[in-house]
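> pasting the structure only:
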């Protein structure tokens with residue numbers, strides 16, 4: 001499943017819009033959520049896998065913009081603003097997503113340049129990306145399930161910013177240059193960041209935080 005920009009399933013019991021389809025006819029809501037590890041990016045699912053419904057009690061027409069894999073963590077934007085969803089998910093608008101990525105071994109300059117310039121995944125070259133090798137380990141909260149390291153194999157942290165979001169793209173990119181992803185955390189989506197949030201936290205955006213950048217009404 002993607003850590004990028006594919007919409008979560010929308011067949012959700014009692015989560016309909018009651019016919020209020022016009023953007024201006026309803027109150028637009030915007031939420032930031034720090035998705036913990038292991039949580040499915042959907043509101044329904046089997047009892048063996050936690051879903052967003054176990055953390056969030058939101059209006060029935062609010063859904064995630066894009067998605068994160070269950071084994072990925074970090075920033076998730078949820079809204080009932082269909083216009084904003086289109087702007088953020090449409091590739092031609094090139095809205096950025098930034099991830100902190102823990103990988104096996106320390107990438108060489110050549111490997112970093114390959115990530116920056118694009119790697120071929122399933123017959124398609126990825127778009128250019130911003131990639132930085134972090135000098136120090138970022139201070140994220142411990143994961144609920146510890147990362148499984150291989151004995152005598154070093155690790156490193158990268159910051160990767162993309163303007164596209166294909167199926168498990170970040171993981172496939174790092175694997176393609178010989179550095180499998182161990183942990184992945186989305187820290188930024190467009191203008192919004194994880195600042196002030198801990199895993200499981202939800203914050204509603206004030207109208208000025210959302211509307212001034214999206215053209216939406218609070």
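Right, received. Where do you want to start? Everything quoted here is computed from the prediction, not taken from an experiment.

> measure the residue of the chain most remote from its centre to residue 104 for me?
Here the chain reaches farthest from its C-alpha mean at residue 152, the gap being 30.5 Å by C-alpha atoms, centre = their mean. Distance from residue 152 to residue 104, counting by C-beta to C-beta, to the nearest Å: 11 Å. Quick note: C-beta positions are derived from backbone N, CA and C, even for glycine.

> residue 78 contacts residue 35, correct?
No: the pair residue 78 / residue 35 is not scored as a contact, 10.2 Å apart, by C-beta atoms under 8 Å.

> quick one: residue 124 and residue 172, what's the gap?
From residue 124 over to residue 172 the distance is 11 Å, taken as C-beta to C-beta.

> who has more neighbours, these two?
residue 172 (15 against 10; other C-beta atoms under 10 Å).

> excluding chain neighbours, what is closest to the more buried one?
residue 121 (4.8 Å; C-beta to C-beta, 6 or more residues apart in numbering).

> now do the contacts for the one you found.
Each residue near residue 121 by C-beta atoms under 8 Å, 6 or more residues apart in numbering is listed here: 166, 169, 172, 173, 176.

> one more time with 7 Å, if that's ok
Residues in contact with residue 121 (C-beta atoms under 7 Å, 6 or more residues apart in numbering) are 172, 173, 176.
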